[in-house]
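Trainee: pasted the sequence and its predicted model underneath.
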Amino acid sequence: MTDYRSVADAVAEEIRTGRLRPGDRLPPQRRFARQHGIADSTAARVYRELARRGLTVGEVGRGTFVRAVSPAAAPALTEPAASRVDLELNYPVVPGQAALLADGLGALLRPDALAEALRPTGAAGPPAVREAAADLLARGGWRPDPARVLFAGNGRQAVAAAVTALVPPGARLGVEELTYPVVKAVAARLGVTLVPLAMDEDGLLPQAVEEAHRAGPLSAVYVQPTLHNPLSLTMPRERAERLAEVLLRLGVPAIEDAVWAFLRDELPPLASLAPERTVLVDSLSKRVAPGLTLGFVVAPGPVAGDIAAALRSGGWGPGRFALEAAARWQRDGIVEQLVRAKQREAAARQEIAARHLGAFAVRGDPRSYHCWWRLPRPWRADTFVAAAARHGIAVAPAAAFTVGGNHAPNAVRLGLASPSADDLSRALATLAGLARSAPDDLIAS
């Protein structure tokens, strides 16, 4: 008699070597039994054993499927570790997210719908998808005109297309003095000069825009008014109105990065105050899921054609499947469910950060997934990042966000989204212990 465990071992080996891949459907148990020359009851035990090992998952009415690989065990944070808790990358995922998204794709996987979703598309996308995107991007009483919505493959490509369209090579792009690192890379690739603009506790200073523009014309300003990365601050309404007035008076367009603004969706964007001077960019990666990317550009009429041309020439256009999936998730209320869940999760993670780091100079909006930590003396950011890495924790130094030759603050940004809540708590406890020690203590040990 064949031992069911040996058959299960053989199937497990096929999964390990990739001959059976995540999502592959196993045959019905009776067919499996015939293929392997075993009894139906033995096949049933094989399937139960595979499920017990976490290699397969059964779905009522659909069958048994190979499961995605389980995540590796968390590293021990009190010792140097090759694996790491990642507080550098920052992609929020909430419990049940994959199942919710999978349910929303059911209708799209019908052959007729899938055939339509696999057709090529342009930056403008179909009209129904633009309507759904306008609903998805709406916040604070503002909803973009669907006719002004364009699509990119992801949020970074949306930013690159906006910069390409607005800032000629060699021209000047104003940015907050601490800014999203991808903008630095985009500017370097396009031959654009970044001009750091001063900030205070409320964000970008409008007078800094005026002063920089007088020194040499700015072709555009890139700004993150809501939940700024890395500072986790949000521009008050009065500051946004003043900034809009300056941009309109100077005739300088703004590129508003709204990728984290879904966490503060009660607030209208800068684009609502200066719609003819603001190009709003956003993406699905934080709001929905990092693996199925889609970028959005809300473009004023005078520059929409240039941005669409930049998307085409850069090869930055969207995939039709991602467009159709996003539209269905929006219409079915799945995006709304994920947004509310992530808002709650962000608040819970900020509470964890406050519990461990409350004694330090840490700034973090209670609704944000990241915080900014001005390190205590005698720590320097580079030494602290290295010490954290020895404990298997990756953090981002201030230098990654600093523009040009500006002096980097003695600070690090902590992304709170990627690890589990338990791993996050342990990692922050470890970092707090490091901050209370001295660098010389670590060298001596």
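Mentor: Nice, I can see it.
Trainee: low-confidence ranges in the chain?
Mentor: Where the chain drops to pLDDT under 70, the residues are 1-2, 59-61, 69-83, 440-445.
Trainee: kindly list the longest helix within it.
Mentor: For the chain, the helix with the greatest residue count under DSSP state H is helix 334-357.
Trainee: so how far is A215 from L173?
Mentor: Between L173 and A215 the computed distance is 14 Å (CB to CB, to the nearest Å). Every residue, glycine included, has its C-beta placed from N, CA and C.
Trainee: and V246, helix, strand or coil?
Mentor: Recorded secondary structure, V246: helix (DSSP: H, G, I helix; E, B strand; the rest coil).
Trainee: what's the nearest residue to it if we skip its chain neighbours?
Mentor: P206 (4.4 Å; CB to CB, 6 or more residues apart in numbering).
Trainee: same question for A161.
Mentor: A310 (4.1 Å).
Trainee: got it, and R130?
Mentor: R130's closest residue in space is P146 (CB to CB, 6+ apart), at 4.1 Å.
Trainee: surely V57 forms part of a strand?
Mentor: Yes. Checked against three-state DSSP, V57 lies within a strand.
Trainee: these two touch, right, P146 and E131?
Mentor: Yes. Contact criterion CB atoms under 8 Å: P146 and E131 qualify, at 5.0 Å.
Trainee: distance from stretch 400-411 to the middle of the chain?
Mentor: On the basis of CA atoms, centre = their mean, to the nearest Å, stretch 400-411 sits 22 Å off its chain's mean C-alpha point.
Trainee: what's the end-to-end length of it?
Mentor: 11 Å (CA to CA, to the nearest Å).
Trainee: would you mark the buried spots in it?
Mentor: Residues 400-403, 408-411 are the ones in stretch 400-411 that count as buried (16 or more other CB atoms under 10 Å).
Trainee: count of residues packed around the closest residue to A107 other than its chain neighbours?
Mentor: Of all residues not flanking A107 in the chain, A113 sits nearest, at 6.1 Å (CB to CB, 6+ apart). Neighbour count of A113, defined by other CB atoms under 10 Å: 15.
Trainee: tell me who's in contact with the residue nearest to A161.
Mentor: A310 sits next to 160-162, 164-165, 316 when contact means CB atoms under 8 Å, 6 or more residues apart in numbering.
Trainee: so which of these are in helices?
Mentor: Mapping the contacts of A310 onto helices (DSSP H) picks out 160-162, 164-165.
Trainee: specify which member of those is nearest to D282.
Mentor: A162 (11.3 Å; CB to CB).
Trainee: hang on, that closest one packs against V281?
Mentor: Yes. Using CB under 8 Å, A162 is in contact with V281, at 5.8 Å.
Trainee: hey, what's in contact with both of these two?
Mentor: With CB under 8 Å, 6+ apart, A162 and V281 have common neighbours 255, 297.
Trainee: quick one: which of these two has more around it?
Mentor: Neighbours were tallied for A162 and for V281 using other CB under 10 Å; the higher tally belongs to A162 (31 against 27).
Trainee: distance of the residue nearest the centre of the chain from E351?
Mentor: Geometric centre of the chain, nearest residue: K286, 3.5 Å, by CA atoms, centre = their mean. As judged by CB to CB, K286 and E351 stand 20 Å apart.
Trainee: cool, and H213?
Mentor: Relative to E351, H213 is positioned 42 Å away (CB to CB).
Trainee: of those two, who's got more company?
Mentor: The residue with more neighbours, out of H213 and E351, is H213; 21 against 11, by other CB under 10 Å.
Trainee: and the more buried one, that's in a strand?
Mentor: No. Using three-state DSSP, the secondary structure at H213 is helix, not a strand.
Trainee: now do the contacts for the nearest residue to it once chain neighbours are set aside.
Mentor: Excluding the flanking residues, the one nearest H213 by CB to CB, 6+ apart is L250, at 5.4 Å. When contacts are counted by CB under 8 Å, 6+ apart, L250 touches 209-210, 213, 218.
Trainee: quick check on L250: phi, psi?
Mentor: Torsion angles at L250 (phi, psi; degrees, to the nearest 10) stand at phi -80, psi -10.
Trainee: what about it, distance to Y222?
Mentor: Using CB to CB, one gets 15 Å for the distance from L250 to Y222.
Trainee: G54 now?
Mentor: Using CB to CB, we find G54 at a distance of 45 Å from Y222.
Trainee: neighbour-wise, which of these two wins?
Mentor: Set G54 next to Y222 and count neighbours by other CB under 10 Å: Y222 wins out with 27 against 11.
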